[in-house]
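*Asks:* structure, please.
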Amino acid sequence: MQAFIAMRSFLFQYPKTIAVVTLTGVCFLSVKKWMAGGVCHSKAKLDGKTVLITGGNTGIGKETAVDLAKRGARVILACRDLDRANKAAEDVRKRSGNGNIIVKKLDLASLQSVRQLAKEVLASEERLDILINNAGVMSCPKWQTEDGFEMQFGVNHLGHFLLTNCLLDLMKKSSPSRIVNVSSLAHERGQIYFDDIHQEKDYSPWKSYRQSKLANVLFTRELAHRLQGTGVTTYSLHPGVIRTELGRHFWPMLPLWKRLLYAPIMFFVKSPTQGAQTTIYCAVEESLQNESGLYYSDCAPKTAAPQGLDDEAAKKLWNLSASMVGLT
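*Replies:* Modelled structure (predicted):
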């Protein structure tokens, strides 16, 4: 009773303060809801369908796996760390109620690993309905892949380029089928450095990341042209700013004052479940069946940056990539 009286007294004494606090809270929640972005409302079922997700053991890849497994799909998690992948697979099985979750080894920084995975999939799977090229690395130091490629271009683009091409015949056989490439808004400031693709002259973690994400958009566009009439469609997307492990190289490099500055912003970024929505949308939304080569954000089509619409650059990148990975 005394607490009630005290509260009532406070309300009468500080009505303006309470109004400001309430309004601020409402604004914060409204902004957070807006930042969460679009939601995939499709009720499409995937019984009898097979999905392969790269990097499906964490972040939006794992949340995508849970959603597609709930729809009845056989889900293959293609991951570098098998211990973490097996733990993630068990969690996906529990959360989805679907026991048909498979784990396979994939290191996108190794062309040999990519080819080995493709060989296993072709030998074990009768069909592949959805390929989600989700795995990636962001803003890492100047590293090289096993084959001597700049790490971000090698993992984010070349590894997925080779994997997709190795699996195309199976996807054509399974048509209608879909290829979903997780890109980023970062592509809007990206450029393909054809004269220095590994950025050996002037490496910058962010410049490299932007190049690799632009490559995802251009790859999707050129792939759509090459797959016309096959029943295989392609999509690239920006998932949003999300709380995932993707920023593990970026966050520690920031000075303390920037971490403190960015800390409040973290309240507004998407959760992995929210960040997975556009990937899921591109994978299952029925209305996209006859669309191909476009770019999406917040579960809706969005015009890519001008450099992401350059068909000549897309063809040039394809030819360069094919040469780099030994694709004939």
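
*Asks:* every contact and neighbour count from this point should use C-alpha atoms.
*Replies:* Noted.

*Asks:* okay, now the unreliable bits of the stretch 151-300 of the chain?
*Replies:* Along the stretch 151-300 of the chain, the parts satisfying pLDDT under 70 run over 242-269.

*Asks:* could you pull out the strands in it for me?
*Replies:* Using DSSP state E, counting those that start in this stretch, the strands of the stretch 151-300 of the chain run over 177-182, 232-238, 294-297, 300-301.

*Asks:* deepest of those, which one?
*Replies:* Counting by mean count of other CA atoms under 10 Å, strand 232-238 has the highest mean neighbour count of the strands of the stretch 151-300 of the chain, with a mean of 28.

*Asks:* that strand vs strand 177-182, what angle?
*Replies:* 20 degrees (axes from the mean of the first three to the mean of the last three CA atoms, to 10 degrees).

*Asks:* and the protein, what are its domains?
*Replies:* Taking automatic domain parsing as the reference, the chain has its domains at 1-36, 42-325.

*Asks:* which of those is buried the deepest?
*Replies:* Mean neighbour count (mean count of other CA under 10 Å) peaks for domain 42-325 among those, with a mean of 19.

*Asks:* that one: end-to-end distance?
*Replies:* For domain 42-325, the first-to-last residue distance is 37 Å (CA to CA, to the nearest Å).

*Asks:* cool, stretch 49-64 as well?
*Replies:* Stretch 49-64 end-to-end distance (CA to CA) = 15 Å.

*Asks:* start at 46 instead
*Replies:* Renumbered: residue one is now 46, and that last one reads stretch 94-109.

*Asks:* mind listing what the nearest residue to Leu208 once chain neighbours are set aside touches?
*Replies:* Computed as CA to CA, 6 or more residues apart in numbering, the closest residue to Leu208 that is not its neighbour in sequence is Val159, at 5.9 Å. When contacts are counted by CA atoms under 8 Å, 6 or more residues apart in numbering, Val159 touches Leu151, Asp152, Leu153, Gly204, Leu207, Leu208.

*Asks:* put together CSV for those, with distance to Gln352 on each row.
*Replies:* Below are these laid out as CSV (distance: CA to CA, whole Å):
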residue, distance to Gln352
Leu151, 30
Asp152, 29
Leu153, 25
Gly204, 22
Leu207, 23
Leu208, 24
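
*Asks:* could you pull out the helices for this protein?
*Replies:* Listed in chain order, the helices found in the chain under DSSP state H are 47-58, 60-81, 104-115, 127-141, 156-169, 196-198, 205-218, 250-271, 301-307, 317-320, 322-329, 356-370.
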